[in-house]
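> here's my sequence, what's the structure:
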Amino acid sequence: MRILMLGNSYTFFNDLPSVLASLLGAEVTAHTRGGAHLAEQLNPETDMGRRTLTALRDEKWDYVIMQEQSKAPAETPEAFFRSADALCALIRTRGAVPVFYATWAYRDGSEKLMSSGMTYEEMYARLHEAYAEAARRGGALLADVGTAFRDRKDTEDLYHPDGSHPNAAGTALAARVMADAITSEAGR
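Residues are numbered from 1 along each chain as shown. The predicted model follows:
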């Protein structure tokens with residue numbers, strides 16, 4: 001199984017690609033840059049866009065996992081949908097299955113959340129709705145990591161001290177949710 005991951009620091013923190021590869025016994029390649037938006041993956045004028053477009057054109061992938069900038073789906077859903085729709089269409093024409101890595105709200109009470117102008121529940125709901133809609137529109141799998149974080153927010157520490165990124169436990173949980181989404185689909 002070959003997997004391409006498109007994202008940013010939420011994808012590369014704690015070497016998520018290697019954790020996922022170990023869970024699935026898969027080859028996982030990641031195209032990431034801190035703070036990157038999915039639109040960059042489609043832009044042939046950027047290094048990452050050129051790499052991604054070449055990889056999608058010239059290589060065989062079974063799954064392509066997409067992760068948007070941490071708050072973009074909540075703040076600018078229409079821009080997120082434009083990139084998500086275009087990537088899903090491209091991924092499908094290449095014979096791969098698109099997967100959305102639906103991320104989480106910033107830690108409740110964190111400076112990062114307070115500066116966003118949203119409550120934890122507002123950010124969670126906006127992210128969840130945007131990723132679910134993108135998956136529906138694109139016929140993609142949804143790896144709903146954001147809901148897994150929310151379900152455990154009062155019982156497990158899943159955040160890096162910055163209140164945004166995952167700690168090792170958060171990365172392990174993200175990998176399990178992604179692996180479950182992929183193995184559920186593969187077993188159909």
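> in the protein, which spans are helices?
In the chain, the helices defined using DSSP state H lie at 9-12, 16-24, 38-41, 47-58, 72-75, 77-93, 111-116, 120-138, 145-152, 168-186.
> may I have the third one exported as PDB, CA atoms only?
Output for helix 38-41, consisting of C-alpha atoms alone and laid out as PDB, is shown next (Å, rounded to 0.1, in the frame of the first residue of the first chain):
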ATOM      1  CA  LEU A  38      -4.000  22.700   0.400                       C
ATOM      2  CA  ALA A  39      -4.100  25.300  -2.300                       C
ATOM      3  CA  GLU A  40      -0.300  25.200  -2.300                       C
ATOM      4  CA  GLN A  41      -0.300  21.500  -3.200                       C
END
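> need the residues that contact that helix.
Helix 38-41 is contacted from outside by 6, 31, 33, 46, 48-49, 52-53, 66-69, 79-80, 82-84, 87, using CB atoms under 8 Å, 6 or more residues apart in numbering. C-beta coordinates here come from the backbone N, C-alpha and C atoms, glycine included.
> low-scoring stretches of the protein, by residue?
Applying pLDDT under 70 to the chain flags residues 186-188.
> contact partners for the closest residue to residue 74 other than its chain neighbours?
Closest residue to residue 74 apart from its sequence neighbours, by CB to CB, 6 or more residues apart in numbering: residue 126 at 3.6 Å. The neighbourhood of residue 126, defined by CB under 8 Å, 6+ apart, consists of 73-75, 77, 118.
> most widely separated two among those residues?
Farthest-apart pair in those is 77 and 118; separation 13.3 Å (CB to CB).
> re the thing from before, any chance of the helices of the chain in a markdown table with distance to residue 104 as columns?
Output for the helices of the chain, formatted as a markdown table (distance: least, CB to CB, whole Å):
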| stretch | distance to residue 104 |
| --- | --- |
| helix 9-12 | 9 |
| helix 16-24 | 13 |
| helix 38-41 | 17 |
| helix 47-58 | 23 |
| helix 72-75 | 11 |
| helix 77-93 | 16 |
| helix 111-116 | 11 |
| helix 120-138 | 7 |
| helix 145-152 | 4 |
| helix 168-186 | 8 |
